[in-house]
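> generate a structure from the sequence data that follows.
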Amino acid sequence: SIGLLKWPPATTRFSHITSTTNPKLSDANVWVIHQDRLDDIWVGTSNGLNQYSAQNQTNQNYLTRVNEKSIYGMQYISNIFPYEGDEEKLWIWNDEGLFIFDKISKELTTPKLSSKAKQVFESEWIGGVFVVNNSNIYLYNKDGHYVFNSNSGEIESLATLDDKFSTELSYSFLGHLPEEPHNILFATSGHLYQFNTKTKTTNLIYKVERYNPQAFDAVDSWVIADNIMWIAMMGEGLVGIDVRTYEVKYRYNSQNKLSTNAIYGLQLDASGNLWFSSQVGLYKLNLNNHHLENFTYTDGLISNEFNSLAFTKLSDGKFAYGSPLGVTIFDPREFATTPQNANKLEVHLSSIELFSRKIDLLSNFINEESLELEHEDFGLNLTFSTLSFTRQEQTKYDIYLEGPDAIHYENYSDNKLLLSSLSPGNHTLKIS
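Numbers count the residues shown, from 1 in each chain. You can find the predicted model right below:
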């Protein structure tokens, strides 16, 4: 006998593909997820490329390592991009460079390269790759920043970026603004810039509050909703800025609503909710009222830790996120409704104690709805609860103490409050 077990059916809203499921991935550590126009889901891992069909529930893997001791190499897939004009091909960025993957032959080939492009592609490493289209592929190496045209094989140095930024602090190119293909977003340590490919000029969009180059806080992803650009700044949290003035409108981090500042993978669902992954699960932010929900392994996730850049929206409206333990897939529409008891929770005091003396204060409070303390009393310790057993770790309290020692705690996580001492006078405590 092991007692009474509780299993919430809501945990089935999350499904997973791992290295142990059927079908299974070639490796559990997922770095990128891409769905092509044929609805095949391509998953890049630390050991190989996977072609997953959700409709047929099959998976094929390619480019896996032969030498089990080899950690990095062709098999380490960092990103996947569509190949313009040919659905039978993909752009694959792996640990050895940027290649074209043929879906028919299942082989990698090197794109057409001029002599200068060949030098760049054969350098020790390339980073920050973003494929806008086949003639505009942005990247950098230790020597500089470039835009590559795979149709001609030519590569152009981006002198403006080279003069202004050290490649040691460069992070990634992040696509272009809506309806503005000439304005490319470029992330460096602690900064997000807009690079105009016509005028060859840069414009600062955002800088972290406390810039430390060695911290390498960088933008993972961005979305725009209602003229607010939301930025996932790894190391600083979620930032919302006015898309026209770049004025900061919102900040959510470990100092207020989040449990971590390491967040990734911003995605908007059809209801206007902002989803993102993190080191402590998935988050859903309602952009209408800014109500925030956090989903963890207790809600059905296979892992609380997710990887940067590993996310995509699927053609059926579902979201996919990659983690060190595989891929998590869910339909955000199943999370559209608020739990039935969300607005019905009442806070109940379960114990009231003093450090200074032993006395049954709880009974007195229940009978009188007030407490009278002696001048010498200290260490008033209160324990409270919503009496709900659902997602207790997600419960946040608002605490107001009015009177001579006024305090206000917002998003208070603990269900205990210690008031070490109180000044003489009347105090009113409100907990919701």
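> residue 223 - how many residues pack around it?
Residue crowding around residue 223 was assessed by other C-beta atoms under 10 Å; the count is 15. Where you see a C-beta, it was placed from the backbone N, CA and C, and this is true even at glycine.
> what do you get for residue 123?
Using other C-beta under 10 Å, residue 123 is surrounded by 12 other residues.
> I'd guessed it sits against residue 142; true?
Yes - with contact defined as C-beta atoms under 8 Å, residue 123 reaches residue 142; the gap is 6.8 Å.
> how much space between the most centrally placed residue in the chain and residue 234?
By C-alpha atoms, centre = their mean, the chain has its centre lying nearest to residue 264, at 2.3 Å. Distance check for residue 264 against residue 234: by C-beta to C-beta, to the nearest Å, it reads 7 Å.
> which residues are in contact with each of these two?
When contacts are counted by C-beta atoms under 8 Å, 6 or more residues apart in numbering, residue 264 and residue 234 have 220, 308 as shared neighbours.
> ok, residue 270 - contacts?
Counting by C-beta under 8 Å, 6+ apart, residue 270 has contacts 317, 332, 333.
> am I right that the last one sits in a helix?
Yes - secondary structure of residue 333 (DSSP: H, G, I helix; E, B strand; the rest coil): part of a helix.
> and for it, the neighbour number?
By the measure other C-beta under 10 Å, the count of residues near residue 333 is 12.
> surely it meets residue 269?
Yes - contact status for residue 333 versus residue 269: in contact at 7.3 Å, counting by C-beta under 8 Å.
> intersection of neighbour lists for those two?
When C-beta under 8 Å, 6+ apart defines a contact, the residues bordering residue 333 and residue 269 alike are residue 317.
> related to what we said a few turns ago, closest to residue 284 out of the contacts of residue 270?
The shortest distance between residue 284 and any of these, using C-beta to C-beta, involves residue 332 and amounts to 7.6 Å.
> what are the phi and psi angles of the residue lying closest to the closest one once chain neighbours are set aside?
With C-beta to C-beta, 6 or more residues apart in numbering as the measure, residue 269 is the residue that lies nearest to residue 332, at 3.8 Å, once sequence neighbours are left out. Dihedral angles of residue 269 (phi, psi; degrees, to the nearest 10) stand at phi -90, psi 180.
> for residue 269, what are its contacts?
Listed by C-beta under 8 Å, 6+ apart, the contact partners of residue 269 are 275, 317, 319, 332, 333.
> tell me where the stretch 51-200 of the chain has strands.
Using DSSP state E, counting those that start in this stretch, the strands of the stretch 51-200 of the chain run over 58-62, 77-82, 89-94, 97-102, 107-109, 127-133, 136-141, 144-148, 155-157, 170-177, 180-188, 191-196.
> next, the buried residues of the fifth one.
By neighbour count, with 16 or more other C-beta atoms under 10 Å as the criterion, the buried positions of strand 107-109 are residue 108.
> same check, this time on the first one
Of the residues in strand 58-62, 59, 61, 62 count as buried by neighbour count, 16+ other C-beta under 10 Å.
> contact partners of that strand?
Surrounding strand 58-62, the residues in contact under the criterion C-beta under 8 Å, 6+ apart are 17, 23-26, 48-53, 101, 106.
> what about residue 360, distance to residue 422?
Counting by C-beta to C-beta - residue 360 and residue 422 are separated by 19 Å.
> look at the two and report which has more neighbours.
The residue with more neighbours, out of residue 360 and residue 422, is residue 422; 15 against 10, by other C-beta under 10 Å.
> surely residue 272 is in contact with residue 289?
No - no contact is recorded between residue 272 and residue 289 when judged using C-beta under 8 Å, the distance being 10.8 Å.
> turn the strands of the stretch 51-200 of the chain into a markdown table, including distance to residue 282.
Below are the strands of the stretch 51-200 of the chain laid out as a markdown table (distance: least, C-beta to C-beta, whole Å):
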| stretch | distance to residue 282 |
| --- | --- |
| strand 58-62 | 23 |
| strand 77-82 | 21 |
| strand 89-94 | 26 |
| strand 97-102 | 29 |
| strand 107-109 | 33 |
| strand 127-133 | 25 |
| strand 136-141 | 29 |
| strand 144-148 | 33 |
| strand 155-157 | 39 |
| strand 170-177 | 21 |
| strand 180-188 | 22 |
| strand 191-196 | 23 |
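> among these, which is nearest residue 370?
strand 191-196 (53.7 Å).
> strands of the stretch 251-400 of the chain, residue ranges please.
Using DSSP E, counting those that start in this stretch, the strands of the stretch 251-400 of the chain run over residues 263-268, 273-278, 281-286, 292-295, 311-313, 319-323, 326-330, 348-354, 380-385, 397-402.
> circling back: so the residue nearest to the centre of the chain is in contact with residue 322, correct?
No - with contact defined as C-beta under 8 Å, residue 264 and residue 322 do not form a contacting pair (9.6 Å).
> what do these two both touch?
Once C-beta under 8 Å, 6+ apart is applied, the residues that residue 264 and residue 322 both contact turn out to be 306, 307, 310, 311.
> next, count neighbours for the second one.
Counted by other C-beta under 10 Å, the residues lying close to residue 307 total 21.
> pretty sure it contacts residue 323?
Yes - here residue 307 lies in contact with residue 323, judged by C-beta under 8 Å, at a distance of 6.0 Å.
> can I assume residue 214 sits in a helix?
Yes - with three-state DSSP as the criterion, residue 214 is assigned to a helix.
> i'd like the first residue to be 826 from this point on
Fine by me, first position is 826 from now on; the one you just mentioned is residue 1039.
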